[in-house]
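Participant: Dropping a prediction and its sequence here:
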Amino acid sequence: MKKFFILAVAALAAFSCTEKKAGYTVTVNVGDDDFTSFILTNREKENPVADTVAVVEKKAVFTGNVDGFDVRYIMGVKEGEEPEYLGRLFLENANYTVNFTADGDHFHSNIESDGPIQMQCDSLNNLVKAVYEKNNMHELEKLYEAGDQKVKDSIMNIVKGVGDEIEVITNDFYAKNPLCPLALENAASDIRYVGLDSARKLVEKFAAVPAFATNRLFKNMQKELEKKEALAPGKQAPDFTLNDPEGNPVKFSEVYPKNKVTMIDFWASWCGPCRKFNPTLTQIYAKYNKKGFGILGVSLDREQEKWVEAIKADKLVWQHVSDLKFWDSEAGRLYNISSIPQSYFVDSEGKILLASPSEDQIESFLAEYLK
């Protein structure tokens, strides 16, 4: 599978002030590659949109109509292989031409459009591209793969500087365009990872733009806020039943009455930060267990053996459960888990006391609550 390199894009103007066309046309030129079809998708599970068009004479043409704008992702399909992510675009009722070119193991994409959002995206895209080219990032990647640790450390310092420079550029962009379509897209992605108060402010901010009211991204933000509200301190913790390593069902509502405070610890054997925090968590457990602190470990593992091995290796002596469904974990969905480690603390009646605290907050909370 070829590696793919694509530059970020951004919008500099709100779409509501532009002339609207009857529909969109997206023409994807295949070049010399062996794609058999392309998919234009929003990559959503709950409300998926995925249009598939076969390649005919080295091109695939999508047509349709979109209300306002949406973000769509281009996936390339080759015979016998999984769809390959190739890029994204801000889809509005406009014309698009997408060209792919190969450079060694890399794909480069170029999107041309008469759509106001996509056209003005290119201005930020070009600024970012200039930073990459100035620092010869393509060549540095090759050197990194072949270099020793000293070379890799040196390159990583350059990469950090590039990241800092790009951050300055993007921060300036958002400061000048706080309510643009790209800002909405970023907010829709970031809202899962921020606290409840920040999530409320984000939704309130974009609710001030009438043109966003029916937009899919804004609706997703509203749904995400509703999920966070349902898991706020004072709410009843959602109940669930999962099996322990021996296959015995464990019901959460039968666990927390045994403790003054119970931590639901979402983790996995494959999660580096989780494993790194486990020694600290075992110390916290030993210190506060006799005072009424309990833990229910909920693993997002996929393999029973690796899950059990990690429990033993990290000496995690509390109760553990999992359905071995990875990110589709029943409990993970109930608690809106999108990253780990993550935790919730409930009292003996199942009321949420603390939602998604940082690692540094955990012991200070327990010291105060169990004093």
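Facilitator: Cool, got the structure.

Participant: Let me see the domain layout of the protein.
Facilitator: Using automatic domain parsing, the domain parsing of the chain gives 3-116, 181-230, 241-369.

Participant: Between the two ends of the longest one, what distance do you get?
Facilitator: I take that to be domain 241-369. Domain 241-369 has its terminal residues 27 Å apart, counting by C-alpha to C-alpha, to the nearest Å.

Participant: Contact partners for the residue nearest the centre of the chain?
Facilitator: In the chain, the residue lying closest to the centroid (C-alpha atoms, centre = their mean) is residue 189, at 6.3 Å. Neighbour list for residue 189: empty [criterion: C-beta atoms under 8 Å, 6 or more residues apart in numbering]. C-betas here are computed from N, CA, C, even on glycine.

Participant: Mean confidence (pLDDT) on the one helix or strand it maps to, please.
Facilitator: Per DSSP states H and E: residue 189 is located in helix 181-190. Helix 181-190 shows a mean pLDDT of 90.

Participant: next helix or strand past that helix?
Facilitator: Following helix 181-190 in sequence order, the next helix or strand is helix 196-207 (DSSP H and E).

Participant: Heading C-terminal from that following helix, find the next helix or strand.
Facilitator: Per DSSP H and E, the first helix or strand lying C-terminal to helix 196-207 is helix 216-230.

Participant: which other residues reach that following helix?
Facilitator: In contact with helix 216-230 (C-beta under 8 Å, 6+ apart) are residues 42, 47, 70-71, 184-185, 187-188, 191-192, 196, 199-200, 202-203, 206-207, 212, 235, 336, 355.

Participant: how big is the angle separating it from helix 181-190?
Facilitator: Calculated by axes from the mean of the first three to the mean of the last three C-alpha atoms, to 10 degrees, helix 216-230 forms an angle of 30 degrees with helix 181-190.

Participant: Format the domains of the chain as TSV; extra columns: distance to residue 146.
Facilitator: Output for the domains of the chain, formatted as TSV (distance: least, C-beta to C-beta, whole Å):
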stretch	distance to residue 146
domain 3-116	13
domain 181-230	34
domain 241-369	25
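
Participant: Could I get the full set of helices for the stretch 1-150 of the chain?
Facilitator: Secondary structure of the stretch 1-150 of the chain (DSSP state H, counting those that start in this stretch): helices at 116-134, 137-146, 149-176.

Participant: who wins for proximity to residue 97 among those?
Facilitator: For the helices of the stretch 1-150 of the chain, the distance to residue 97 is smallest for helix 116-134, at 10.8 Å, taking C-beta to C-beta.

Participant: With just CA atoms, put the helix holding residue 189 into PDB.
Facilitator: What follows is helix 181-190, C-alpha atoms only, in PDB (Å, rounded to 0.1, in the frame of the first residue of the first chain):
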ATOM      1  CA  PRO A 181     -16.300  26.300   8.000                       C
ATOM      2  CA  LEU A 182     -12.900  24.900   8.900                       C
ATOM      3  CA  ALA A 183     -13.200  26.200  12.400                       C
ATOM      4  CA  LEU A 184     -16.600  24.400  12.700                       C
ATOM      5  CA  GLU A 185     -15.000  21.200  11.400                       C
ATOM      6  CA  ASN A 186     -12.100  21.400  13.900                       C
ATOM      7  CA  ALA A 187     -14.600  22.100  16.700                       C
ATOM      8  CA  ALA A 188     -16.700  19.100  15.700                       C
ATOM      9  CA  SER A 189     -13.600  16.900  16.000                       C
ATOM     10  CA  ASP A 190     -12.200  18.500  19.200                       C
END
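
Participant: Please identify the buried residues of it?
Facilitator: Buried residues in helix 181-190, counting neighbours by 16 or more other C-beta atoms under 10 Å, are found at 181, 182, 183, 184, 185, 186, 187, 188.

Participant: now swap in stretch 64-84 and tell me
Facilitator: Under the neighbour-count criterion of 16+ other C-beta under 10 Å, stretch 64-84 has 66, 68-77, 83-84 buried.

Participant: any idea how far residue 61 is from residue 97?
Facilitator: With distances taken as C-beta to C-beta, to the nearest Å, residue 61 is found 10 Å from residue 97.

Participant: Among those two, which residue is more densely surrounded?
Facilitator: Set side by side, residue 61 and residue 97 show more neighbours around residue 97, with 15 against 12, by other C-beta atoms under 10 Å.

Participant: what's the closest non-adjacent residue to that one?
Facilitator: Counting by C-beta to C-beta, 6 or more residues apart in numbering, residue 97 lies nearest to residue 112, which is 4.7 Å off, once chain neighbours are set aside.

Participant: So what's the residue count around that neighbour?
Facilitator: Residues within reach of residue 112, counting by other C-beta under 10 Å, total 13.

Participant: Repeat that for residue 361.
Facilitator: So residue 361, with other C-beta under 10 Å, has 13 neighbours.

Participant: before we move on, what about residue 207?
Facilitator: 13.

Participant: Equivalent analysis for residue 126, please.
Facilitator: Residue 126 is flanked by 10 other residues according to other C-beta under 10 Å.

Participant: Could you measure from it over to residue 184?
Facilitator: Separation of residue 126 from residue 184 (C-beta to C-beta): 22 Å.

Participant: Ok, residue 120 next?
Facilitator: Distance, residue 120 to residue 184, using C-beta to C-beta: 15 Å.
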